[in-house]
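Peer 1: Provided below are the primary sequence and the corresponding predicted coordinates.
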Amino acid sequence: MKIGSKLLNVAQRIAATTTDFVLVSLVLGGSLALLALVMAHNAHVDTSGPFDVATPGLSWTEGAALSLAPYFLVLLPLVWLIYEATLTRTWRGTTAGKLLFRVRTISLNGNLSIWQCILRTTLKIMSVLLLLSIGHPLVLAVVLAAFIAVPVFTVKSQFIFDLMASTTVTKRGT
């Protein structure tokens with residue numbers, strides 16, 4: 001496989017992962033927003049205190065949203081893990097993003113097991129969190145280039161998490 005087609009494969013995989021991430025974020029964020037709305041509707045709100053709508057401080061709806069933000073940050077990796085591992089196993093190696101970009105995950109050892117899916121997704125999430133934790137732009141650029149170079153220069157176009165889980169991502173139908 002030529003480097004150009006490997007880069008295209010990497011771009012498809014990153015686009016599929018981004019699509020899945022946005023989908024999971026929207027569903028989780030919408031669910032938490034609905035929960036905040038139900039909580040606010042059912043709770044008695046004292047508007048004479050610091051959350052008074054007429055005061056320049058926070059309104060009670062903003063306070064409810066801010067109180068749910070930590071839950072979003074904690075639940076997002078867990079929901080992403082459940083979403084991706086479950087769909088990858090049950091949809092024959094695909095997720096919504098992989099279906100859209102016509103790629104699928106396969107096992108190098110035959111059938112894709114749930115444990116391979118869980119390991120692969122856990123390591124993938126940890127990789128994304130590691131990349132997001134890098135604060136210096138130059139260091140981020142170097143680490144990101146190295147991260148993308150791994151599948152370009154491996155025989156089966158595998159990221160590090162694919163190597164560790166004995167999986168690879170191919171075009172659908174192959």
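Peer 2: Looks like it came in fine.
Peer 1: how about low-confidence regions in the chain?
Peer 2: 1, 43-61, 174 (pLDDT under 70).
Peer 1: So which residues of it form strands?
Peer 2: 103-107, 167-171 (DSSP state E).
Peer 1: In CSV, list those strands along with distance to residue 19 and mean neighbour count.
Peer 2: (Each C-beta comes from the backbone N, C-alpha and C, glycine too.) Shown next, in CSV, are those (distance: least, CB to CB, whole Å; neighbours: other CB atoms under 10 Å):
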stretch, distance to residue 19, mean neighbour count
strand 103-107, 11, 21
strand 167-171, 14, 19
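Peer 1: can you tell which of the ones you listed is closest to residue 6?
Peer 2: strand 167-171 (11.4 Å; CB to CB).
Peer 1: Can you tell me how far residue 79 is from residue 145?
Peer 2: 30 Å (CB to CB, to the nearest Å).
Peer 1: Looking at the two, which is more packed in?
Peer 2: residue 79 (16 against 9; other CB atoms under 10 Å).
Peer 1: Run through the residues that contact that one.
Peer 2: Residue 79 makes contact with 24, 27-28, according to CB atoms under 8 Å, 6 or more residues apart in numbering.
Peer 1: Buried residues of the top helix by length along the chain, list them for me.
Peer 2: Ranked by number of residues, the top helix in the chain under DSSP state H is helix 3-42. For helix 3-42, the neighbour count (16 or more other CB atoms under 10 Å) marks 6, 9-10, 12-13, 16-17, 19-21, 23-24, 28, 32, 36 as buried.
Peer 1: I am finished for the moment; much appreciated.
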